[in-house]
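Trainee: Attaching a predicted model along with its sequence, questions to come.
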Amino acid sequence: MGAIYATFISLVIVVLENSILNNLKIFGVAPDFVLIYVCICAITLDKRASSASGIVAGLARDMLVGITLGVSSLFMYAISELYGFISDKIFKESRFTIFVLISFASILYSGIKLLVFGEYLQGSIYSILLRNMVVFPIINSVIALPAYAFFLKFHEKIKRSVSLY
């Protein structure tokens, strides 16, 4: 699909997530569509395209809504590099593998957000930990399963249409 397509789609997802999809809350937690997309890109695309989409999506997110510049982009880049490195060694067709990888990335991202932005959180520590370390990864992983199937079909259509020219 290439780095340009992946980067453009990641920018569109960042804008959609910050404008419309952020209001879609399940059990008080909004799913992170950018994280899901970056993980799926890293698993399915080449390292260059996934790294570019991860950096651009993270920087765009940090510039639009982030308190600090670079936290999200550094994490998205690290996840895209890590998953790009192990993408040859995993069984990509297994839905359980996708579920575990998205859950792992979501738990890591929640942990980093809690460490960096923990002083801004309000409420009980137990409810915060439950939302960020249990509900958030499960919601992201459940959403990632149909998104992964859709992305694979979309990627095949793009490859077929580009190969015709």
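Mentor: Perfect, thanks for sending it.
Trainee: F96 and T44, how far apart?
Mentor: Here F96 is placed at a distance of 16 Å from T44 (C-beta to C-beta, to the nearest Å). Glycine gets a C-beta too; all of them are placed from N, C-alpha and C.
Trainee: Between those two, which has more neighbouring residues?
Mentor: T44 (19 against 10; other C-beta atoms under 10 Å).
Trainee: So that one is in contact with H155, correct?
Mentor: Yes: applying C-beta atoms under 8 Å, one finds T44 in contact with H155, separated by 6.3 Å.
Trainee: List the contacts of the residue nearest the centre of the chain.
Mentor: With distances taken as C-alpha atoms, centre = their mean, L35 lies nearest the centre of the chain, 1.2 Å away. Shown in contact with L35 (C-beta atoms under 8 Å, 6 or more residues apart in numbering): M76, I79, I102, A105, S106, Y109, N140.
Trainee: With V15 instead?
Mentor: Contacts of V15 by C-beta under 8 Å, 6+ apart are A60, L64.
Trainee: That one sits in which helix or strand?
Mentor: Using DSSP states H and E, the element containing V15 is helix 2-19.
Trainee: Put the alpha carbons of that helix into PDB.
Mentor: Presented in PDB, the C-alpha positions along helix 2-19 are these (Å, rounded to 0.1, in the frame of the first residue of the first chain):
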ATOM      1  CA  GLY A   2       2.900   2.300   0.600                       C
ATOM      2  CA  ALA A   3       4.000   4.800   3.100                       C
ATOM      3  CA  ILE A   4       2.000   7.600   1.500                       C
ATOM      4  CA  TYR A   5      -1.400   5.800   1.700                       C
ATOM      5  CA  ALA A   6      -0.700   4.600   5.200                       C
ATOM      6  CA  THR A   7       0.300   8.000   6.400                       C
ATOM      7  CA  PHE A   8      -2.800   9.700   4.700                       C
ATOM      8  CA  ILE A   9      -5.100   7.200   6.300                       C
ATOM      9  CA  SER A  10      -3.500   7.600   9.700                       C
ATOM     10  CA  LEU A  11      -4.000  11.400   9.400                       C
ATOM     11  CA  VAL A  12      -7.700  10.900   8.500                       C
ATOM     12  CA  ILE A  13      -8.100   8.600  11.500                       C
ATOM     13  CA  VAL A  14      -6.500  11.100  13.900                       C
ATOM     14  CA  VAL A  15      -8.900  13.800  12.700                       C
ATOM     15  CA  LEU A  16     -11.900  11.600  12.800                       C
ATOM     16  CA  GLU A  17     -11.000  10.300  16.300                       C
ATOM     17  CA  ASN A  18     -10.500  13.700  17.700                       C
ATOM     18  CA  SER A  19     -13.600  15.200  16.300                       C
END
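Trainee: Many thanks, we can stop here.
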